[in-house]
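Undergrad: Return atomic coordinates for the entry below.
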Amino acid sequence: MTREYLKKASLTAKSDASSVHDTVKSILADIEAGGDAAALDYAAKFDKNEGSVLLSAEEIAAASALVPERLKADIRFAHDNVRRFAETQKATLTDVELEIAPGFGPDKRPSR
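TA: Prediction:
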């Protein structure tokens with residue numbers, strides 16, 4: 001069966017992965033050099049954020065009061081499910097040592 005796309009973005013000079021990589025690399029370098037001030041500049045540029053990124057306890061409480069109880073319950077439900085799954089999955093993990101070939105086990109390097 002042939003795959004048919006209803007919508008497909010065409011590759012343009014602006015969507016070239018190498019230019020995106022260069023842009024992100026430049027942004028990260030700016031933030032590393034400029035610290036919080038540079039990060040706040042990018043937050044204003046990309047997110048249109050002009051406010052503080054740190055909230056007081058009162059601001060957090062006021063924002064929380066705006067969230068419907070049903071949504072809070074749904075978030076708690078999802079959080080609990082993700083946490084329980086992660087804990088269960090973690091409990092099934094064990095340390096493993098494997099000898100790939102005779103003399104090539106853990107902490108052993110082939111001689112040259």
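Undergrad: use CA for all of it now, contacts and neighbours both
TA: OK.
Undergrad: centre of the chain versus the longest helix seen in the chain, how much separation?
TA: In the chain, assigned by DSSP state H, the helix with the most residues is helix 17-47. Chain-centre distance of helix 17-47: 16 Å, with C-alpha atoms, centre = their mean, to the nearest Å.
Undergrad: Show me what the mean pLDDT comes to for that helix.
TA: On average, the pLDDT along helix 17-47 is 92.
Undergrad: what element comes up after it heading to the C-terminus?
TA: Read in the C-terminal direction, the helix or strand following helix 17-47 is helix 57-65, with elements assigned using DSSP states H and E.
Undergrad: tell me the average confidence for that following helix?
TA: Computed over helix 57-65, the mean pLDDT rounds to 96.
Undergrad: Quick check: what element follows it along the chain?
TA: Following helix 57-65 in sequence, per DSSP H and E, is helix 69-92.
Undergrad: what's next to that next one, contact-wise?
TA: Outside helix 69-92, not one residue touches it by C-alpha atoms under 8 Å, 6 or more residues apart in numbering.
Undergrad: Run the chain-centre distance for that helix.
TA: Offset of helix 69-92 from its chain centre (C-alpha atoms, centre = their mean): 18 Å.
Undergrad: tilt between it and helix 57-65?
TA: Calculated by axes from the mean of the first three to the mean of the last three C-alpha atoms, to 10 degrees, helix 69-92 forms an angle of 100 degrees with helix 57-65.
Undergrad: Give me the buried positions along helix 69-92.
TA: For helix 69-92, a neighbour-count test (16 or more other C-alpha atoms under 10 Å) marks nothing as buried.
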